[in-house]
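1. Output the structure for:
(chains A and B)
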Number of protein chains: 2
Amino acid sequence: MLKCLRCGASCGDDEPIWRCPDCGGHLDHITEKLLSISPEEIKRGPLSMWRYSKTMPVRSPEKAVTMGEGLTPLIPVELDGVKPLVKMDFLCPTGSYKDRGISVLVSRLRELGITSLIEDSSGNAGAAMAAYCTAGGLNCSVYVPDYTSAGKCVQIEAYGAELIRVPGTREDTTDAAMAAARETYYGSHNWSPWFVEGVKTFAYEIWEQLGWTAPDHLVLPLGQGSLVLGAYRALSELRDMGLIDHIPKIHGVQSANCAPLARAYESGLDVPENITKAETVAEGISSATPLRGAEVLEAVKRSRGSIVAVDEKPIVEGIFALASRGIYVEPTSAVVVPGISKLMESGAISKGETTVVFLSGSGLKATDKILELRRKIK
Amino acid sequence: MLKCLRCGASCGDDEPIWRCPDCGGHLDHITEKLLSISPEEIKRGPLSMWRYSKTMPVRSPEKAVTMGEGLTPLIPVELDGVKPLVKMDFLCPTGSYKDRGISVLVSRLRELGITSLIEDSSGNAGAAMAAYCTAGGLNCSVYVPDYTSAGKCVQIEAYGAELIRVPGTREDTTDAAMAAARETYYGSHNWSPWFVEGVKTFAYEIWEQLGWTAPDHLVLPLGQGSLVLGAYRALSELRDMGLIDHIPKIHGVQSANCAPLARAYESGLDVPENITKAETVAEGISSATPLRGAEVLEAVKRSRGSIVAVDEKPIVEGIFALASRGIYVEPTSAVVVPGISKLMESGAISKGETTVVFLSGSGLKATDKILELRRKIK
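-> Coordinates of the predicted model:
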């Protein structure tokens, strides 16, 4: 079932719609019956996130558009005396975690008969959409802000998608895509009710990788909030199935230059306010008006987590702190380095607690920017 | 035990040597006792290539320098009517399969007390060496040809390694590194007896992913030949343990512009002759004088496989053929596309046989080159 987050209307999930037919609000996918999975069954499944297909709203998982995404490494790393586990999700097929959500989204849209769509993205979701659409036989146009890195643009075009660069902000890109989508299907991962159903699998995997237990904390880059929503969804499902006894605290990390959710969290608001954003190296989470802001704030609150904002300089230092441990990520992912430091300082996370930080995108996508930042920092 | 491939001398494997102390020849690692593994045991292991640690010459696998490399997806893809499975090994932590070998090499060198080393590489092994050295606390200098892509160079420097660009050919780079290594340890992956012991794990994984059976054919990019040697080693071990009943045919694919092994194979020679090479987009396999050429030829022959050479244009087309299936690899990997076509045409591979092609490096490492090639092809 799909349910509108604005007006509460509900409708079946077999129509190729992307927003509420009544009020234009955001649609959420609701799993009506209690899910059922077991470690034994999961271990017999494929070596990809599709071992969790019983938790996904895809009718025929055996026909899914998949490239083996997921089941990324979870490894211990020492960062400034803190010893988190890092979820290496930049090792998904197109170089970012978006593959998880896009694999489910494209599989479901193909089941619904969609053959052509428009996406807008800061780059990673666009690359994922271009890859999975071509793999699944769908046509795809991707709108990106014109500041998107060469690495991502060349990749999107190599997959054969149409690439449209839009001057201005990330929000201007969305406006241009939505205008164009009047003629075709708007496949936006941010609007889609299916995307988060794929993203959530990372939290299932962490549970598996920790020997079928939940960590104490998750520390996630936060822009639109699909990681927070995905984590909260998976962990709630695990709790409802009786497979974990507590939901970890979910912490979101924003760039201080674009932190509507961190501000709302600090002020105790239920809905983010409009903000004026500044440029940030964490381009992947530069979302001034997160579509599901209220939901994200509620998920964080329910998990007893928090949202912090971090400055540009420590984000840049974070890139090279991770690289000096052999882990090469794009600037956006590096927000978790100052993020975890802040959370330790404030006492939100204590030494000895099991903490997982999430790395969302590959450094190989950001060669030009990393070169430039390295020259500046020297 | 280490054994010299040139003079046959043998020595213990607890000395930090990289070539035969008697004659300067190439050392091979020999596993003296019969290995023993079982599917049940493997499935209980970590979700990385280290689930095969019982087959590796690392004394303390629990202290290995690892970032969760391996266990990469194996997925079916349709290419010109052929339906091979592709091993997505460009999804290793630094973006190439070299991580497998370097993880074992660095783990073993650390056990032997090495703290500083020199490597030379066309880029991918250098990036892997830089990453695993910094992760394991070793100092590292990487020599690369000055034509190495920006993506790889920026990555190597981000890890904190010293990068030295050498004008001229790949062979000039090796000469420069060997000269410099007189003062320190020469950690070269091509010389190391440990590298292939990590690389081989990809073939174990294919066996696992095919339900503990061997495919009919492996199609591998071929330069120095570590993939061929690794595959043959793993498959021989599996056969000796009674876990497979046949060794798949191993086919190597070279660029026609640098094909000493394909030429030797065609001429029935046991050792490759000197060749004059031309430039190729497949820079990762541009090895005019493969160190272990005789061994590679023998492994291919024993497996009843073959070696083919492919031209530049179909390699470039291969990049975009894979991308149009959602798979984005660097030019070197794309040799397998014309490679499999040639093998089908010649009857070496028949329709219906289980064929695995190997994809070695990420397209995200070659942004500039892929952009340039795309412009040319249009």
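2. correct me, but residue A:72 touches residue A:92?
-> Yes: between residue A:72 and residue A:92 there is a contact at 6.5 Å, judged by Cβ atoms under 8 Å. Any C-beta I mention is one placed from the backbone N, CA and C, and that applies to glycine too.
3. For the stretch 201-350 of chain A, which residue gets nearest to chain B?
-> residue A:326 (3.3 Å; Cβ to the nearest Cβ).
4. Over to the stretch 151-300 of chain A?
-> Nearest residue of the stretch 151-300 of chain A to chain B: residue A:158, at 4.3 Å (Cβ to the nearest Cβ).
5. so that residue touches residue B:323, yeah?
-> Yes: contact criterion Cβ under 8 Å: residue A:158 and residue B:323 qualify, at 4.3 Å.
6. shared neighbours of the two, anything?
-> Shared contacts of residue A:158 and residue B:323, defined by Cβ atoms under 8 Å, 6 or more residues apart in numbering or on different chains, comprise residue B:363.
7. how near is residue A:363 to residue B:34?
-> 42 Å (Cβ to Cβ, to the nearest Å).
8. out of the two, which sits in the more crowded spot?
-> residue A:363 (30 against 9; other Cβ atoms under 10 Å in any protein chain shown).
9. Next, that one: phi, psi?
-> phi -60, psi -20 (degrees, to the nearest 10).
10. Isn't it up against residue A:319?
-> Yes: under the criterion of Cβ under 8 Å, residue A:363 makes contact with residue A:319 at 7.3 Å.
11. Quick check: neighbours shared by these two?
-> Contacts common to residue A:363 and residue A:319, judged by Cβ under 8 Å, 6+ apart, are A:329, A:370, B:158.
12. mind listing what the last one touches?
-> Contacts of residue B:158 were listed using Cβ under 8 Å, 6+ apart, and they are A:319-320, A:323, A:328, A:363, A:370, A:374.
13. repeat that for 7 Å
-> By Cβ atoms under 7 Å, 6 or more residues apart in numbering or on different chains, the contact set of residue B:158 is A:320, A:323, A:328, A:363, A:370, A:374.
14. ok, back up a step: okay, now the residue of the stretch 201-350 of chain A closest to chain B: neighbour count?
-> Applying other Cβ under 10 Å, we find 25 residues neighbouring residue A:326.
15. Quick check, it in contact with residue B:67.
-> Yes: contact status for residue A:326 versus residue B:67: in contact at 5.8 Å, counting by Cβ atoms under 7 Å.
16. Confirm that residue A:252 sits in a helix.
-> No: looking at residue A:252 with DSSP: H, G, I helix; E, B strand; the rest coil, it is strand, so not inside a helix.
17. Residues of the stretch 251-378 of chain A that sit close to chain B?
-> Residues of the stretch 251-378 of chain A lying near chain B by Cβ under 7 Å from any Cβ of the partner chain: A:320, A:323-328, A:362-365, A:367, A:370-371, A:374.
18. Of those, which is the most crowded?
-> Comparing these by number of neighbours (other Cβ under 10 Å), residue A:365 comes first, having 32 neighbours.
19. Distance of that residue relative to residue A:188?
-> Residue A:365 sits 20 Å away from residue A:188, taking Cβ to Cβ as the criterion.
20. quick one: the strands in the stretch 251-378 of chain A?
-> A:306-310, A:355-359 (DSSP state E, counting those that start in this stretch).
21. so can I have TSV of the ones you listed showing mean neighbour count?
-> Shown next, in TSV, are the strands of the stretch 251-378 of chain A (neighbours: other Cβ atoms under 10 Å in any protein chain shown):
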stretch	mean neighbour count
strand A:306-310	24
strand A:355-359	25
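22. of all these, which lies closest to residue B:148?
-> Closest of the strands of the stretch 251-378 of chain A to residue B:148 is strand A:355-359, at 25.3 Å (criterion: Cβ to Cβ).
23. Give me the pLDDT for residue A:154.
-> For residue A:154, the model assigns a pLDDT of 94.
24. Spit out the contact partners of it.
-> For residue A:154, the contacting residues are B:367, B:370-371, by Cβ under 7 Å, 6+ apart.
25. can you do 8 Å?
-> Residues in contact with residue A:154 (Cβ under 8 Å, 6+ apart) are B:367, B:370-371, B:374.
26. With residue A:373 instead?
-> Residue A:373 makes contact with A:281, A:316, A:319, A:331, according to Cβ under 8 Å, 6+ apart.
27. Quick check: it vs residue A:334, distance?
-> According to Cβ to Cβ, residue A:373 and residue A:334 sit 10 Å apart.
28. which neighbours do these two share?
-> In contact with both residue A:373 and residue A:334: A:316, A:319, using Cβ under 8 Å, 6+ apart.
29. mind listing the helices for the stretch 151-300 of chain A?
-> Listed in chain order, the helices of the stretch 151-300 of chain A (DSSP state H, counting those that start in this stretch) span A:170-180, A:195-199, A:201-209, A:226-240, A:260-267, A:293-302.
30. Single out the most deeply packed of those.
-> Of all those, helix A:195-199 has the most neighbours on average by mean count of other Cβ atoms under 10 Å in any protein chain shown, namely a mean of 28.
31. mind giving me the domain ranges of chain A?
-> Domain assignment for chain A by automatic domain parsing gives A:1-30, A:74-95+A:195-377, A:98-186.
32. Could you dump the ones you listed into CSV with distance to residue B:175 added?
-> Listed next are the domains of chain A as CSV, based on distance: least, Cβ to Cβ, whole Å:
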stretch, distance to residue B:175
domain A:1-30, 60
domain A:74-95+A:195-377, 28
domain A:98-186, 33
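33. hmm, back to that, now, which of the contacts of residue B:158 lie within helices?
-> The members of these that map onto helices under DSSP state H are A:320, A:323, A:370, A:374.
34. can you pull the contacts of the last one?
-> Put plainly, it is residue A:374. Contacts for residue A:374 (Cβ under 8 Å, 6+ apart) come out as A:320, B:154, B:157-158.
35. For residue B:268, see how far away it is.
-> Distance of residue A:374 to residue B:268, given as Cβ to Cβ: 51 Å.
36. Please name the nearest non-neighbouring residue to residue A:178.
-> Closest residue to residue A:178 apart from its sequence neighbours, by Cβ to Cβ, 6 or more residues apart in numbering or on different chains: residue A:186 at 6.3 Å.
37. In terms of helices and strands, where is residue A:117?
-> Element membership for residue A:117, per DSSP states H and E: strand A:116-120.
38. Going C-terminal from that strand, what's the next secondary structure element?
-> Next along the chain after strand A:116-120, taking DSSP H and E as the criterion, comes helix A:124-136.
39. Show me which residues of the stretch 51-200 of chain A are close to chain B?
-> Counting by Cβ under 8 Å from any Cβ of the partner chain, the stretch 51-200 of chain A comes close to chain B at A:66-69, A:71-75, A:88, A:91-95, A:131-132, A:134-135, A:150-151, A:154-155, A:157-160.
40. Which members of those residues are classed as buried?
-> Buried subset of those (neighbour count, 16 or more other Cβ atoms under 10 Å in any protein chain shown): A:66-69, A:71-75, A:88, A:91-95, A:131-132, A:134-135, A:150-151, A:154-155, A:157-160.
41. any idea which of the contacts of residue A:373 has the most stuff around it?
-> Ranking the contacts of residue A:373 using other Cβ under 10 Å puts residue A:319 first, with 28 neighbours.
42. Surely that residue is in contact with residue A:327?
-> No: with contacts counted by Cβ under 8 Å, residue A:319 stays clear of residue A:327, the gap being 9.7 Å.
43. if I look at residue A:23, how far off is residue A:6?
-> The gap separating residue A:23 from residue A:6 is 5 Å, by Cβ to Cβ.
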